[in-house]
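# here's a sequence, model it:
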Amino acid sequence: MLTLYGDIRSGNCLKVKWLLDWLGRDYRWIEVDILTGGSRTPEFLAMNTAGQVPTLVFADGRPLAQSNAILLHLAESTSLIPVDDYDRAVMLEWLFWEQYSHEPYVAVVRFQRAYLGKSAEDIEPRLVERGYGALARMEARLSEPGRDWLVGTAVSLADLALVAYTRMAHEGDFDLSRYPALRGWIGRVEAAFGIAA
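Residues are numbered from 1 along each chain as shown. This next block holds a predicted model:
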């Protein structure tokens with residue numbers, strides 16, 4: 001059986017959990033409270049030297065970290081990875097962009113506001129600006145004629161990876177009412193994966 005170590009508040013952890021649920025895989029969830037140093041214990045660091053969640057451990061004891069690497073491994077040979085080589089590359093482009101240009105801003109502002117209790121004035125303005133920039137890029141993509149998903153004509157890992165923190169952006173005081181195409185997409189992705197709204 002698979003074992004998933006994660007913090008239920010983390011979008012990076014939730015997207016792996018949602019994929020496992022969607023695939024119907026048997027797994028154990030082990031809650032790791034990152035706010036109290038749960039991923040920095042000697043036991044956890046022996047399993048994942050980066051000290052980060054999520055970490056997926058296979059039945060034979062091998063660990064795998066980094067949420068999008070885990071998604072790619074679990075989704076091999078499923079409809080969530082496009083067959084077309086170009087669409088697959090575009091999906092990977094969105095996965096890489098999510099971790100470099102979306103999560104560091106949208107998720108970080110959310111974490112600081114919702115979990116560290118910082119006021120809006122205490123948040124670095126550049127983080128908010130770049131978070132809105134990421135949301136605006138997604139809105140532009142999803143506003144293209146006939147576009148329901150980030151890649152191709154069907155839901156993919158790109159949608160799953162990016163919905164995790166986008167759907168919770170309001171917890172960082174990002175105003176999603178500015179982005180009607182994005183809000184519609186969030187609903188479609190939640191429906192596709194059975195994510196409770």
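
# what's the pLDDT at the nearest residue to residue 141 once chain neighbours are set aside?
Spatial nearest neighbour of residue 141, chain neighbours left out: residue 150 (6.2 Å); criterion: C-beta to C-beta, 6 or more residues apart in numbering. (Each C-beta comes from the backbone N, C-alpha and C, glycine too.) Looking at residue 150, its pLDDT reads 98.

# just give the number of residues close to residue 150.
26 (other C-beta atoms under 10 Å).

# tell me the SS of it?
coil (DSSP: H, G, I helix; E, B strand; the rest coil).

# which residues does it contact?
Applying C-beta atoms under 8 Å, 6 or more residues apart in numbering, we find residue 150 in contact with 91, 94, 138, 141, 142, 156, 158, 159, 162, 185.

# same thing but at 10 Å, please
By C-beta atoms under 10 Å, 6 or more residues apart in numbering, the contact set of residue 150 is 90-91, 93-95, 97-98, 138, 141-142, 156-163, 185, 189.

# buried residues, the longest helix along the chain. List them.
The longest helix of the chain (DSSP state H) is helix 125-142. Across helix 125-142, burial judged by 16 or more other C-beta atoms under 10 Å covers 127, 128, 130, 131, 132, 134, 135, 138, 139, 141, 142.

# is the last one in contact with residue 181, as I believe?
Yes - using C-beta atoms under 10 Å, residue 142 is in contact with residue 181, at 4.0 Å.

# still on that earlier bit, how near is the residue nearest to residue 141 to residue 45?
Between residue 150 and residue 45 the computed distance is 35 Å (C-beta to C-beta, to the nearest Å).

# output the below-cut-off pLDDT ranges for this structure.
197 (pLDDT under 70).
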